[in-house]
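**Q** kindly return the folded structure for what I paste below:
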Amino acid sequence: MSRDYPDWIHPEKAASARRDFSGRVPVERLERLRGLVVEGEPGWVEFSLRFSHDEQGQIRIDVHVDAEVPLQCQRTLKTFQQALSSDSVVAVVGSEEEEAALPEDYEARLCPDDRLEVLDLVAEEVLLALPLVPVDPASEPMEAPAAEAETHRPFEALAALKKRSRQK
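**A** Reported below is the predicted structural model:
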C-alpha cells in the first residue's frame with residue numbers, strides 16, 4: 001500500500017495550493033464497497049486527485065482511478081477480477097443551489113463543512129465505474145433454449161362452436 005494523501009482534505013486550501021494526492025489501497029479499506037465486492041478476495045484501488053480552481057473560481061478535482069476489484073459473475077456465480085479505470089471532474093459545492101449552477105461535465109460533491117474524506121471520494125468514483133451486472137468476460141454466454149413456435153389462438157374454439165351451431 002502506497003500512501004501520499006491525508007485522511008481528510010480541506011478542498012479550498014488544496015485547490016489554492018494546486019495540490020496533488022495519490023495512493024494505492026486494498027479494496028477492503030473502502031467501506032462503501034462492502035456488499036458489492038467479494039469479501040476476502042484480493043483487490044486494490046490506485047488513485048490520483050488533482051486539486052485546482054477553474055476559470056470561474058470553482059474548486060475542481062480531477063479524479064483518476066485504476067482498480068482491480070473482485071466481483072461475482074452473475075452468469076456463473078464465480079468470483080473474477082474486474083479491471084476498472086475512470087476519470088472524472090468533481091466540483092466541490094457547499095449547497096444544492098451551487099450544484100445547480102455547475103457546468104454539465106462536472107460531478108458535484110456536496111461538502112458543507114469544508115472537509116473531504118479522501119477514501120470516500122475514491123470509493124464513490126469506484127462505485128460509479130462498477131458494472132450494473134458483473135459478468136466475467138471469460139465466461140461463455142448461455143444459450144437460450146429454443147422455444148417451439150406455438151401459436152395460441154384463444155378464439156379458435158369459439159369459432160368452432162359457432163360453426164357447429166350454424167350447421168344445426
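**Q** least trustworthy helix or strand in this structure by mean pLDDT?
**A** Lowest on mean pLDDT, DSSP states H and E among the helices and strands of the chain sits strand 3-4, with a mean of 74.
**Q** next secondary structure after that one?
**A** Next helix or strand after strand 3-4 toward the C-terminus (DSSP states H and E): strand 8-9.
**Q** tell me the mean pLDDT for stretch 55-63?
**A** Averaged across stretch 55-63, pLDDT comes to 94.
**Q** which positions in that stretch come out as buried?
**A** Across stretch 55-63, burial judged by 16 or more other Cβ atoms under 10 Å covers Gln58, Ile59, Arg60, Ile61, Val63. From N, CA and C alone the C-beta is placed, and that goes for glycine too.
**Q** Throw the residues you listed into TSV and include distance to Leu116 and secondary structure, thanks.
**A** Shown next, in TSV, are the buried residues of stretch 55-63 (distance: Cβ to Cβ, whole Å; DSSP: H, G, I helix; E, B strand; the rest coil):
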residue	distance to Leu116	secondary structure
Gln58	15	coil
Ile59	10	strand
Arg60	13	strand
Ile61	8	strand
Val63	11	strand
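**Q** what's the closest of the residues you listed to Lys13?
**A** Distance to Lys13 across the buried residues of stretch 55-63 (Cβ to Cβ) is lowest for Ile59, with 10.0 Å.
**Q** what's near enough to touch that closest one?
**A** By Cβ atoms under 8 Å, 6 or more residues apart in numbering, Ile59 lies in contact with Pro11, Glu12, Ala15, Phe51, His53, Ala91, Val92.
**Q** for it, list each beta-bridge partner.
**A** Ile59 has these beta-bridge partners by DSSP bridges: His53.
**Q** secondary structure element holding Leu49?
**A** Going by DSSP H and E, Leu49 is in strand 44-53.
**Q** in that strand, what counts as buried?
**A** Applying 16+ other Cβ under 10 Å to strand 44-53 flags Trp44, Val45, Glu46, Phe47, Ser48, Leu49, Arg50, Phe51, Ser52 as buried.
**Q** wait, what's in contact with the first one?
**A** To tie it back to what came earlier, the one meant is Trp44. If a contact means Cβ under 8 Å, 6+ apart, then Trp44 has Arg24, Val25, Pro26, Val27, Ala67, Glu68 as its contacts.
**Q** what's the separation between it and Tyr5?
**A** 15 Å (Cβ to Cβ, to the nearest Å).
**Q** then the last one?
**A** Taking Cβ to Cβ as the measure, Ser52 falls 16 Å from Tyr5.
**Q** thanks a lot, see you next time.
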